[in-house]
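Peer 1: sequence-free structure coming up:
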C-alpha cells in the first residue's frame, strides 16, 4: 500500500509541475483533478497530505503551487521518465509513440544508482524522443522557450522543439506527416474558415486543425 501511495504522490507532483510549466494562470484543485482524471474530492485530500509534508503550498486564493522541495521531487520523477523513454526507443527499438505508458511504470523505480547508470549508459542525453528536456540529477532543467504553433505568425520558418500531447494517436498522426522534434517547417497560412493550419514540411504542404497546432511547440528559425 505504501508503495502505491509513493507512486500516487509522484504522479501528483509531476502533473502539477507540468501544469505550472504550461500555464500562465494559477493552478487550482479542479484543474489538477482534470489533468489526473480523478474526482476533485480525492485530489483535495491528497493535496492536503502533500501540503502537510511541505511538498505543496495551498494558497489563500485556493491555488496550488509546488514548494522548492516538491518541485525538485517532481523533476527527478520526470528525469527518470524521460531517460527510460530514451532507453526504450534507442536500445529496445520501441517506436516513439509506444513508450509513454511503459515509462510511466518505470519512472517509480527508487534506485538513484540505477538512474545514474542509465544516464551514463545512454550518454547523458539532453532530450527525450519527444523533444522534452531531461532534468539533471540535481533536479535542474533547461527553460522551455518554445511556443505553440497556433500562436505563431504565418509566412515564417520554425523548428519543432517538443510536443504537449504525447498520446499514441497524436504521435502516430504526426509521424505520418513527418513532423518530429528538430524538423524545420514553414507556417504558410491560418485558415479562418475552419481554423485549420497550412504548413510546409520538407517541401510538402500539409493541413491540420487548430487542436493539432496547439500541441506542437516550436521556436523561430
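Peer 2: Structure received. Since this is a predicted model, take the numbers as computed values, not measurements.

Peer 1: show me the domain layout of this structure.
Peer 2: Taking automatic domain parsing as the criterion, the chain consists of the domains 2-66, 147-220.

Peer 1: residue 34: how many residues sit nearby?
Peer 2: As a burial measure, residue 34 scores 12 neighbours (other CB atoms under 10 Å). Heads up, the C-betas are built off the backbone N, CA and C, glycines and all.

Peer 1: now residue 190
Peer 2: A total of 16 residues lie near residue 190 under the criterion other CB under 10 Å.

Peer 1: surely it is in a helix?
Peer 2: No. Counting by DSSP: H, G, I helix; E, B strand; the rest coil, residue 190 is not part of a helix but strand.

Peer 1: tell me which residues touch it, please.
Peer 2: 154, 196, 197, 198 (CB atoms under 8 Å, 6 or more residues apart in numbering).

Peer 1: what's the farthest-apart pair in those residues?
Peer 2: 154 and 196 (12.2 Å; CB to CB).

Peer 1: just to revisit the earlier point, could you dump the domains of the chain to a markdown table with distance to residue 141 and mean pLDDT?
Peer 2: Formatted as a markdown table, those follow (distance: least, CB to CB, whole Å; pLDDT from 0 to 100):
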| stretch | distance to residue 141 | mean pLDDT |
| --- | --- | --- |
| domain 2-66 | 9 | 87 |
| domain 147-220 | 12 | 94 |
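
Peer 1: for residue 93, which of those is the nearest?
Peer 2: Using CB to CB, those put domain 147-220 closest to residue 93, at 15.3 Å.

Peer 1: for that closest one, how far is the first residue from the last?
Peer 2: 9 Å (CA to CA, to the nearest Å).

Peer 1: hmm, residue 171 and residue 212 touching each other?
Peer 2: No. With contact defined as CB atoms under 8 Å, residue 212 does not count as touching residue 171 (11.8 Å).

Peer 1: re earlier: neighbour-wise, which one of the contacts of residue 190 leads?
Peer 2: In terms of neighbour count, residue 197 stands highest of those at 23 neighbours, by other CB under 10 Å.

Peer 1: what's near enough to touch that residue?
Peer 2: 149, 150, 187, 189, 190, 191, 207, 208, 209, 210, 212, 213.

Peer 1: and it, that one's in a strand?
Peer 2: Yes. Residue 197 forms part of a strand when assessed by three-state DSSP.

Peer 1: so it bridges to which residues?
Peer 2: With DSSP bridges as the criterion, residue 197 is bridged to residue 190, residue 208.

Peer 1: what ranges do the strands span in the chain?
Peer 2: Remark: strands assigned in the chain by DSSP state E are 56-58, 64-66, 147-148, 157-163, 184-191, 196-201, 204-208, 216-220.

Peer 1: name the helices or strands packed onto the last one?
Peer 2: Helices and strands touching strand 216-220, as assessed by 3 or more CB pairs under 8 Å, 6 or more residues apart in numbering; DSSP states H and E, comprise strand 147-148, strand 157-163.

Peer 1: out of those, nearest to residue 51?
Peer 2: Between these, strand 157-163 lies closest to residue 51; by CB to CB that is 30.6 Å.

Peer 1: partner strands of the closest one, with direction?
Peer 2: In its sheet, and by DSSP bridges, strand 157-163 pairs with strand 184-191 (antiparallel), strand 216-220 (antiparallel).

Peer 1: just put the ones you listed in TSV and tack on distance to residue 59.
Peer 2: Listed next are the strands paired with strand 157-163 as TSV, based on distance: least, CB to CB, whole Å:
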stretch	distance to residue 59
strand 184-191	37
strand 216-220	28
